[in-house]
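In: Just need the structure, nothing else, for what follows:
(one chain, ligands or ions: 1)
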Amino acid sequence: MKRLMCIGLLMMALGGCASNTSDENRQIHIGVSVYDEYDTFISELTQYFYSYATQDGRNITVEIYSAEKSQLTQNSQVQGMIADACDVICVNLVDRTAPSKIIDMARNSNTPVIFFNRELVSEDLLRWKKLYYVGADAYQSGQLQGESAAAYLREHPEADRNGDNMIQYFVLEGEAGHQDAIIRSESSVDKILEEGIVLEKEGYAIADWSRTQAQTQVALLIKENRNVELILANNDDMALGAIDAYRNANIKKEDRPAIFGIDGTEVGLEAVLSRELDGTVFNDMKGQAEAMFALAKALSLGEPLDGLGLIDNKYIRLPYEAISLDNIDKYLEE
Ligand code: BGC
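Out: As a prediction, this is how the structure comes out:
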C-alpha cells in the first residue's frame, strides 16, 4: 500500500468514527485513495484538497494513498483506513463499476464515503445513505469544448487545409468505460455539428488520459500522412501528447490541426498561453477539492449538510468553463 503524504498534527489513538460529536476541538481524520498518483488532474485536485485541510486551522489528519490502478489495492487501502478509524473516506475509484466491496465495508463500519471524479452508477450510490459523489457534468465539458472548437473553425477558415469544406477530425479518448471519456467525445462532436460545421471522422484512439500514449497515437497519424484538421482530446494531457508528436516531427503550429483539450491543468494553461493548444475547458479541480473538503468536514463533525450544494442529498457537481486566450488570466491567477 503506497501512502503519498500524511498531514496533521497528531495521529491520536483513535477509537472509532466519532461522527456524531460536534466538539470544536475534536480531531478529524480523513482518508483519501486516488486511482493513480501520476494522473495530472487528480494530482492537482489532491494538492488542493491537502491545502484546504492544512489551512483549515483545525486539528485535521489526512492520509492520502495511491491505488496504482488496482481496485484490489484500493479495497485494501479502504480497509486499512477504516481500521485507522478515519471519520470519512474519499475514494477516486479505480474501476467505477466495482465499488461494492468498498460500500459494504463502509456500511459495516458506519464510515461515510465521498466518491469523486470517477462516477459510480446511481444504483450503487443509492445503496447506503452515507455515500456521496463530487465531480462535474461530463456532457457540459464536451459541449463547451465543441463550442470553442466551432468558434475557432469559423474564425480560421484556413483550418480546412484541403479546402473540401469539411473538417477531418480525430478524437483522443480517455479510458474506455470512464464517464468523462464516453460522454465528452459524443457531446463535443454533437455541438460542433449543431453549430453548422461539417465534420468527417478521421478516426479515434483510446489513450487512457496519458500524454505519452496520445503522443504515440498521433505520431502514427503523422507517419501515415493522414489529413487531420482538428484534434479533440478528452483531456489536456492527451492534447499535449498530440502537440509533442507534432513538435517532434518538426511540424510548425500553422501546419498542425487545431487542438482542443479539457481540464485547464497548469500545463494545459501554459500551452494555451503559448498558443500551442487552441483551447481547453476548466474542470474545476479547486472547486471540487473545496466541496469535497467541506463535505468531509461536515460529515466528520456530524454537522448538517445544508448549504454544501448537495443535489438529492448525494451529488455535488461543479460547473465547467471554457478557457481561451481571452479569459485565461482568470485561471492563471487561481
Ligand atoms: C480528467 C482527466 C483525468 C480523469 C481521471 C477526468 O475528469 O479530465 O484528466 O485523467 O478524470 O479519472
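In: how about the residue in the stretch 1-150 of the chain that the ligand sits nearest to, what does it touch?
Out: The ligand sits closest to residue 41 of the stretch 1-150 of the chain, with a gap of 3.5 Å, by C-beta to the nearest ligand atom. Every C-beta, even on glycine, is put in place using the N, C-alpha and C of the backbone. By C-beta atoms under 8 Å, 6 or more residues apart in numbering, residue 41 lies in contact with 117, 209, 235, 236, 237, 263, 265, 283, 285.
In: What about those residues, which are in strands?
Out: When the contacts of residue 41 are checked against strands (DSSP state E), there are no matches.
In: And the residue of the stretch 1-150 of the chain closest to the ligand, which helix or strand is it part of?
Out: Per DSSP states H and E, residue 41 falls inside helix 40-55.
In: Enumerate the positions of that helix that are buried.
Out: By 16 or more other C-beta atoms under 10 Å, the buried positions in helix 40-55 come out as 40, 41, 42, 43, 44, 45, 46, 48, 49, 50, 52, 53.
In: helix or strand right after it?
Out: strand 60-66.
In: Check which helices and strands that next one sits against.
Out: Here strand 60-66 touches strand 2-7, strand 28-34, helix 40-55, helix 71-83, going by 3 or more C-beta pairs under 8 Å, 6 or more residues apart in numbering; DSSP states H and E.
In: Take those and lay them out in JSON lines including mean pLDDT.
Out: JSON lines is the format used below for the helices and strands packed on strand 60-66 (pLDDT from 0 to 100):
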{"stretch": "strand 2-7", "mean pLDDT": "54"}
{"stretch": "strand 28-34", "mean pLDDT": "98"}
{"stretch": "helix 40-55", "mean pLDDT": "97"}
{"stretch": "helix 71-83", "mean pLDDT": "98"}
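In: Name the residues of the stretch 101-250 of the chain found near the ligand, please.
Out: 117, 118, 178, 180, 209, 235 (C-beta under 6 Å from any ligand atom).
In: what's the farthest-apart pair in these?
Out: 118 and 235 (13.2 Å; C-beta to C-beta).
In: In the stretch 51-200 of the chain, which residue sits nearest the ligand?
Out: For the stretch 51-200 of the chain, C-beta to the nearest ligand atom, closest residue to the ligand: residue 180, 4.2 Å.
In: next one: phi and psi at residue 168?
Out: phi -80, psi 120 (degrees, to the nearest 10).
In: Let me see the contact set for it.
Out: So residue 168 contacts 162, 199, 200, 201, 202, 226, 227, 228, 229, 230 (C-beta under 8 Å, 6+ apart).
In: burial measure for the nearest residue to the first one once chain neighbours are set aside, as a count.
Out: What that stands for is residue 162. Closest residue to residue 162 apart from its sequence neighbours, by C-beta to C-beta, 6 or more residues apart in numbering: residue 227 at 5.6 Å. Using other C-beta atoms under 10 Å, residue 227 has 13 other residues around it.
In: Next, residue 227: phi, psi?
Out: Dihedral angles for residue 227 - degrees, to the nearest 10 - are phi -90, psi 100.
In: Surely it and residue 161 touch.
Out: Yes. Here residue 227 reaches residue 161: they are 7.0 Å apart, a contact under C-beta atoms under 8 Å.
In: And the strands in the protein, which stretches?
Out: 2-7, 28-34, 60-66, 88-91, 113-116, 131-136, 167-173, 199-206, 230-233, 258-260, 280-282, 315-318, 321-323.
In: Strand partners (parallel or antiparallel) of the fourth one?
Out: It stands for strand 88-91. strand 28-34 (parallel), strand 113-116 (parallel) (DSSP bridges).
In: which residues are contacting it?
Out: 17, 19, 30-33, 49, 74, 78, 81-82, 99, 102, 106, 111-116, 292, 296, 299-300.
In: What residues of it count as buried?
Out: In strand 88-91, counting by 16+ other C-beta under 10 Å, buried: 88, 89, 90, 91.
In: swap in the longest one?
Out: Neighbour counts over strand 199-206 (16+ other C-beta under 10 Å) mark 199, 202, 205, 206 as buried.
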